[in-house]
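**Student:** I'd like to go over a predicted model; first the sequence, then the structure.
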Amino acid sequence: MTERITLEGLYGIVKKRQEEMPEGSYVASLFRKGPSRIAQKVGEEGVEVALAVSRFSLTGQGRDAVIGETADLWFHSLVSLVASNITLEEVLEELTRRHAEKTK
């Protein structure tokens, strides 16, 4: 059985691809194309998630599409964080801060 990946683990893989830039790597190809292409992919995946969720909520069909598109969005979001030199921990700290503000 394949070991379950974590966001931290995937972030580490993306960071390693950025450092090593191996030929044939999809992640490395995104870094080679630059921040505009990475941002474009995040935007595309965000729209695809929204469309999949809308379709699922209206018809009850397409649950797997919501899961797949969300996975794509999370993945490309991690690529954008690495490209921006932002750690996953910084994002989690922001979410923690926001939660703390709401519970005051």
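**Tutor:** Looks like it came in fine.

**Student:** Spatially central, which residue of this structure would that be?
**Tutor:** By CA atoms, centre = their mean, the chain has its centre lying nearest to Trp74, at 2.2 Å.

**Student:** Show me which positions of stretch 72-85 end up buried.
**Tutor:** Asp72, Leu73, Phe75, His76, Ser77, Leu78, Val79, Ser80, Leu81, Val82, Ala83 (16 or more other CB atoms under 10 Å). Yep, even glycine has a C-beta here, placed from its N, CA and C like the rest.

**Student:** Report the distance from the lengthiest helix in the chain to the chain centre.
**Tutor:** Criterion DSSP state H: the longest helix present in the chain is helix 35-59. Relative to its chain's centre, helix 35-59 lies at 11 Å (CA atoms, centre = their mean, to the nearest Å).

**Student:** can you pull the buried residues of it?
**Tutor:** So for helix 35-59, counting by 16+ other CB under 10 Å, buried means Ile38, Lys41, Val42, Glu45, Glu48, Val49, Ala52, Phe56.

**Student:** Val27: which element?
**Tutor:** helix 26-33 (DSSP states H and E).

**Student:** so what does that helix touch, helix or strand wise?
**Tutor:** helix 7-20, helix 35-59, helix 63-83 (3 or more CB pairs under 8 Å, 6 or more residues apart in numbering; DSSP states H and E).

**Student:** Spatially nearest residue to Phe31 (excluding sequence neighbours)?
**Tutor:** In space, and not counting its chain neighbours, Phe31 is closest to Gln18: 5.4 Å by CB to CB, 6 or more residues apart in numbering.

**Student:** My understanding was that that neighbour contacts Leu81; is that so?
**Tutor:** No: judged on CB atoms under 8 Å, Gln18 makes no contact with Leu81 at a distance of 10.7 Å.

**Student:** Could you list every helix and strand that the longest helix of the chain packs against?
**Tutor:** Contacts defined by 3+ CB pairs under 8 Å, 6+ apart place helix 35-59 against helix 26-33, helix 63-83.
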